[in-house]
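> Sharing a sequence plus its predicted fold:
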Amino acid sequence: KKLAGEKISSLIPYQPGKPIKELERELGVKEAIKLASNENPLGVSKKVIQAVTEALHEMNRYPLGDAFYLRQELSRFLDVPPHQIIFGTGSNEIIELAIRTFVKEGEHVLSYAPSFSVYGIIAQAAGSFCKWVPTKDRFKVDFNKLKEAVENSTRIVFLANPNNPTGVYFSEEELVDFLNYIPKETIVILDEAYVEYVDAPDFPDSLKLLKKYPNLIIMRTFSKAYGLAGFRIGYAIGHPDAIDMLNRVRQPFNVNMVAQIAAIAALEDREFVRNSIKINREGKAYLYKQFKELGLDYIETQANFILVNVGDGKDVFDRLLKEGVIVRFLGPTLKEYIRVSIGTPQENEVFITKLKKILNKG
Ligand code: PMP
């Protein structure tokens, strides 16, 4: 502890879930349902499995350090020049790269709360910290408070849109107003991990804003709608100079070959992505309806999960777990809520049946 120092020993680690097989054994249930990590309930695209299986024969080689083929493919898909893209071992690695690249001694990062806890963990591990600004009514981002919080030493503002764990989004108008306000020396990282699920018409067309705002970086992932969470691959798009700086800090072979091949196949399998979005939209409508019938207040979501007020979040979480349904309890600041990932129709139904039983509304 002493050798790591106070900044590290006081870090509260990210809590990974137990392996599902262990839980099933402990609980004595045949098949637990995991709706806890906002994963894709459709599994992995068959095309991905095929491509990856073939690629295994070349795993004696180092991966392409510049993700050459994936970069070309994504560049075409997004209509963004290849040198404006960087890949990471999940978008988590991009968060770390950005903090290590841009946040110098005495500087910090800024975000709104509740949001993605990893911003704070990585900032602290790097010897800095994250300043959190509270949200408004129903977890809407309070841009006035964010503006007030920006200091000369605020190097990065992380804005998850849609947000995790609330599913709430902010509009293009709000974003542009904020970008116009903040100094060009402050980088805005738009974390769009769930962008594929969005259907709000006023959601920012963020790629279009890149030309005008060189301090804007957009971060996305293959972990959600593309179904590749286990492969660990995400990316960021930004000004060529910003991407160049991030690349200098990046480890040469950060993204393994299987992940690169998986991402190319996933990008090509548009039908899988379309199905993922469709099943999510239908699951969302079903869960909204059920929550309404149960008289439960939920937060409207643009992502693949819903934050729902169940009264005593920890108690309902524990009791669902005993029934073999794993959701997420988010701690004392959101103690009335659980966050449930939208699953397959069957998973959603089981979740609702168990929830009704627990709330004595069955
Ligand atoms: N940002 C947000 C808002 C997230 O919810 C997640 C995943 N939980 C990530 C980033 C990281 O995703 P990954 O590292 O799998 O790309």
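Received the coordinates, thanks. Numbers count the residues shown, from 1 in each chain.
> how about the nearest residue to residue 99, chain neighbours excluded?
residue 126 (5.0 Å; CB to CB, 6 or more residues apart in numbering). Just so you know, the C-beta spots here come from the backbone N, C-alpha and C atoms, and that holds for glycine as well.
> swap in residue 216?
Per CB to CB, 6+ apart, closest to residue 216 is residue 188, 5.3 Å.
> Which stretches in the stretch 251-362 of the chain count as helices?
Using DSSP state H, counting those that start in this stretch, the helices of the stretch 251-362 of the chain run over residues 257-268, 270-293, 313-322, 345-358.
> could you dump the ones you listed to TSV with mean neighbour count?
Shown next, in TSV, are the helices of the stretch 251-362 of the chain (neighbours: other CB atoms under 10 Å):
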stretch	mean neighbour count
helix 257-268	22
helix 270-293	16
helix 313-322	18
helix 345-358	18
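> I'd like those helices as CSV, with mean pLDDT appended.
Converted to CSV, the helices of the stretch 251-362 of the chain look like this (pLDDT from 0 to 100):
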stretch, mean pLDDT
helix 257-268, 98
helix 270-293, 98
helix 313-322, 96
helix 345-358, 97
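> closest one to the ligand among those helices?
Of all these, helix 257-268 sits nearest to the ligand, with 10.9 Å by CB to the nearest ligand atom.
> Quick one: name the residues of the stretch 101-250 of the chain near the ligand.
116, 160, 164, 191, 193, 221, 223, 229, 234 (CB under 6 Å from any ligand atom).
> Then the third one would be within a strand, right?
No: counting by DSSP: H, G, I helix; E, B strand; the rest coil, residue 164 is not found in a strand; it is coil.
> what does stretch 355-362 contact?
Contacts with stretch 355-362, where a contact means CB atoms under 8 Å, 6 or more residues apart in numbering, come from 294, 310, 316, 319-320, 323, 353.
> quick revisit: mind listing what the residue nearest to residue 99 touches?
Counted by CB under 8 Å, 6+ apart, residue 126 has contacts 96, 99-100, 103.
> quick one, phi/psi of it?
Residue 126 adopts backbone torsions of phi -90, psi 10, taken as degrees, to the nearest 10.
> what does residue 217 give?
According to degrees, to the nearest 10, residue 217 has phi -130, psi 130.
> Mind jotting down where the helices sit in the stretch 101-250 of the chain?
Going by DSSP H, counting those that start in this stretch, the stretch 101-250 of the chain shows helices at 118-125, 143-149, 172-181, 206-209, 240-249.
> Can you list the neighbours in contact with the last one?
Residues external to helix 240-249 that are found in contact with it (CB under 8 Å, 6+ apart): 81, 83-86, 94, 97-98, 100-102, 187, 214-215, 217, 236-238.
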